[in-house]
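Asks: I'll drop the sequence and a predicted model, then ask my questions.
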Amino acid sequence: MSHLTRLLGPSHLDLAEESVQEAMLRALQTWPQSGVPENAAAWPFRVAHNLAIDAVRRKRLLGDKTDAIVLELSRSSAAAPDDPGVEEQLRDDELRMIFMCCHPEIPRDASVALSLKTVGGFSVREIARAFLADEAAIAQRLVRAKRQIRDRRLTLDMPHAPELSERLDSALEVVYFMFNEGYASHEGESLIRQDLCLEALRLGRLIASSSITTPRVHALVALIAFQSARLPARVDESGDLVLLEQQDRGRWDRRLMALGFDHFDRSIAGDDVSEYHVQAAIAATHARAEGAESIDWPAILALYDQLLALNASPVVALNRAVAVAKVHGPAAGLAAVEPLHDDPKLRDYYLLLAVRGHLLLDLGRRVEAAVCFRAALDCPCSEPERRFLRRKLSESMP
């Protein structure tokens, strides 16, 4: 979609989006009967371009430029997306698209949502879950952002140096949200969307290798690399969730762990301390432990205290409560969870109920734990997470 938008212009975001969606729909309709084509990535790429060509020709959307744009679209469609030259252009387009969406004239929450929609291919529902927000509110943000791009004639040009710092943090937030959705998908049959994890890591490394990099960029790349290293051990052979302390650390990707430590070392240059620095430090502490029994939970709790001071979000507070339980026991952890129960941002957030149920189970309060796990099953989550909750519910039954 980023590539189409570059060719059509940002004012035609809707056409690019509709063409890509229609191409994916046609794939879902035809592939079950005809079989998956040999180059599955090239098929929707070409179909989306052809659909855009038809629309531009039919409606003469681009005025005097229509014929030239159609020619460029035709040339682009004929090239396979896995060709090295095309792949490089697509990578550039994605980065341009993120920075265009993160224009300072667009409110930050709207720019991040728009980037996730156009670059990450996120649905409105997925974006709403990422922001812990209402779907209608996210939809309105997207409409307003597209209108601003169209009305103000914003371009896909990379901003000049003085403007980069205004957009960089928003761009990093896009990469962060993209990774989080890949690491723990909010819905669907799979817990992990490895494609999103690897794309977030690629985009982060692309920014880190550029002239606009800062220590917080390296901190984010370190965090993503550390977390991605765990992916092979995060689910078992059946696709079921495996908790961190039960994971086989021998299956962790040592190459990605080394990459994480490399970028973590680069991130500590200067005095900048961001949320990404603290989260990366937490992940590094887990990575350094030889096993679950040697995890330095007091250090992790101290880091969560620091993170909560930087970002007093309920999700950070919930993660801190888990660390409190590890250091001071389940009763202390439960006491840290209780104030979060009425937070509107955690409404329908299954992890709040799952953590509370787990702590109640550790305290021997099985009936109350069962109530929590049943309530968690009514919240949106992926199927592996749902199976995990059912197992915990079974454990809590008398």
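Replies: Arrived safely, thanks for sending.
Asks: residue contacts, Ser115?
Replies: Listed by Cβ atoms under 8 Å, 6 or more residues apart in numbering, the contact set of Ser115 reads 97-98, 101-102, 170-171, 174. Heads up, the C-betas are built off the backbone N, CA and C, glycines and all.
Asks: 7 Å - rerun?
Replies: Applying Cβ atoms under 7 Å, 6 or more residues apart in numbering, we find Ser115 in contact with 98, 101-102, 174.
Asks: which one among those gets closest to Arg147?
Replies: Nearest to Arg147 among the contacts of Ser115: Cys101, at 13.4 Å, using Cβ to Cβ.
Asks: Arg129 versus that closest one, what's the distance?
Replies: Distance, Cys101 to Arg129, by Cβ to Cβ, to the nearest Å: 19 Å.
Asks: Could you check which of the two has the larger neighbour count?
Replies: Cys101 (31 against 22; other Cβ atoms under 10 Å).
Asks: got a list of what the more buried one touches?
Replies: 111, 114-115, 118.
Asks: could these go into TSV alongside distance to Leu308 and pLDDT?
Replies: Shown next, in TSV, are the contacts of Cys101 (distance: Cβ to Cβ, whole Å; pLDDT from 0 to 100):
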residue	distance to Leu308	pLDDT
Ser111	26	86
Leu114	29	85
Ser115	27	84
Thr118	32	78
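Asks: Just send the residues you listed back as TSV, with distance to Tyr304 and secondary structure too.
Replies: Listed next are the contacts of Cys101 as TSV, based on distance: Cβ to Cβ, whole Å; DSSP: H, G, I helix; E, B strand; the rest coil:
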residue	distance to Tyr304	secondary structure
Ser111	28	helix
Leu114	31	helix
Ser115	28	helix
Thr118	33	helix
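Asks: any idea which of these is the one closest to Thr285?
Replies: Nearest member of the contacts of Cys101 to Thr285, counting by Cβ to Cβ, is Ser115, at 30.4 Å.
Asks: what residue ranges in the protein score low on pLDDT?
Replies: 1-29, 31-33, 36-93, 155-159, 161-162, 186-188 (pLDDT under 70).
Asks: go again using 50 as the cut-off
Replies: By pLDDT under 50, the weakly predicted segments of the chain are 77-78, 80-81, 83-90.
Asks: looking at it, Met178 is touching Thr118, isn't it?
Replies: No - counting by Cβ atoms under 7 Å, Met178 does not reach Thr118; the two are 11.8 Å apart.
Asks: what are the ranges of the helices in the stretch 51-200 of the chain?
Replies: In the stretch 51-200 of the chain, the helices defined using DSSP state H, counting those that start in this stretch lie at 66-78, 84-101, 108-118, 124-131, 135-151, 161-183, 194-208.
Asks: Check which helices and strands the fourth one sits against.
Replies: Taking 3 or more Cβ pairs under 7 Å, 6 or more residues apart in numbering; DSSP states H and E as contact, the helices and strands that helix 124-131 lies on are helix 108-118, helix 135-151, helix 161-183.
Asks: Output the longest one in CSV with nothing but the alpha carbons.
Replies: Output for helix 161-183, consisting of C-alpha atoms alone and laid out as CSV, is shown next (Å, rounded to 0.1, in the frame of the first residue of the first chain):
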residue,chain,number,x,y,z
ALA,A,161,16.7,17.6,9.2
PRO,A,162,15.1,20.3,11.4
GLU,A,163,11.7,18.5,11.1
LEU,A,164,13.0,15.0,11.7
SER,A,165,13.0,15.2,15.5
GLU,A,166,9.4,16.3,15.4
ARG,A,167,8.4,13.1,13.7
LEU,A,168,10.8,10.5,15.0
ASP,A,169,9.1,9.7,18.3
SER,A,170,5.8,9.1,16.5
ALA,A,171,7.5,6.9,13.9
LEU,A,172,9.1,4.9,16.8
GLU,A,173,5.7,4.5,18.4
VAL,A,174,4.4,3.0,15.1
VAL,A,175,7.2,0.4,15.1
TYR,A,176,6.6,-0.3,18.8
PHE,A,177,2.8,-0.9,18.3
MET,A,178,3.5,-3.0,15.2
PHE,A,179,5.8,-5.3,17.2
ASN,A,180,3.5,-5.6,20.1
GLU,A,181,0.6,-6.8,17.9
GLY,A,182,2.9,-9.3,16.3
TYR,A,183,4.3,-10.5,19.7
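Asks: what's it packed up against?
Replies: When contacts are defined as 3+ Cβ pairs under 7 Å, 6+ apart, helix 161-183 packs onto helix 84-101, helix 108-118, helix 124-131, helix 194-208, helix 215-229.
Asks: follow-up on the earlier one: nearest to Leu360, out of the helices of the stretch 51-200 of the chain?
Replies: Per Cβ to Cβ, nearest to Leu360 of the helices of the stretch 51-200 of the chain: helix 124-131, 25.3 Å.
Asks: ok, Arg152 to Ile138 distance?
Replies: Taking Cβ to Cβ, one finds Arg152 at 21 Å from Ile138.
Asks: neighbour count winner among the two?
Replies: Using other Cβ under 10 Å as the criterion, Arg152 and Ile138 rank with Ile138 on top: 25 against 13.
Asks: which residues sit in contact with the more buried one?
Replies: 113, 124, 127-128, 131 are the contacts of Ile138 under Cβ under 7 Å, 6+ apart.
Asks: Kindly reformat the residues you listed as TSV containing distance to Arg288.
Replies: Output for the contacts of Ile138, formatted as TSV (distance: Cβ to Cβ, whole Å):
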residue	distance to Arg288
Ala113	36
Val124	39
Ile127	34
Ala128	36
Phe131	32
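Asks: Top of those by number of neighbours, please.
Replies: Going by other Cβ under 10 Å, Ala113 tops the contacts of Ile138 with 29 neighbours.
Asks: on that earlier part again, just so I know, which of the helices and strands packed on helix 124-131 lies nearest Ala317?
Replies: Ranking the helices and strands packed on helix 124-131 by proximity to Ala317 (Cβ to Cβ) places helix 161-183 first, at 16.9 Å.
Asks: buried residues in that closest one?
Replies: By neighbour count with 16 or more other Cβ atoms under 10 Å, helix 161-183 contains the buried residues 164, 167-168, 170-183.
Asks: got the angle for that helix vs helix 194-208?
Replies: On the basis of axes from the mean of the first three to the mean of the last three Cα atoms, to 10 degrees, helix 161-183 is oriented at 160 degrees to helix 194-208.
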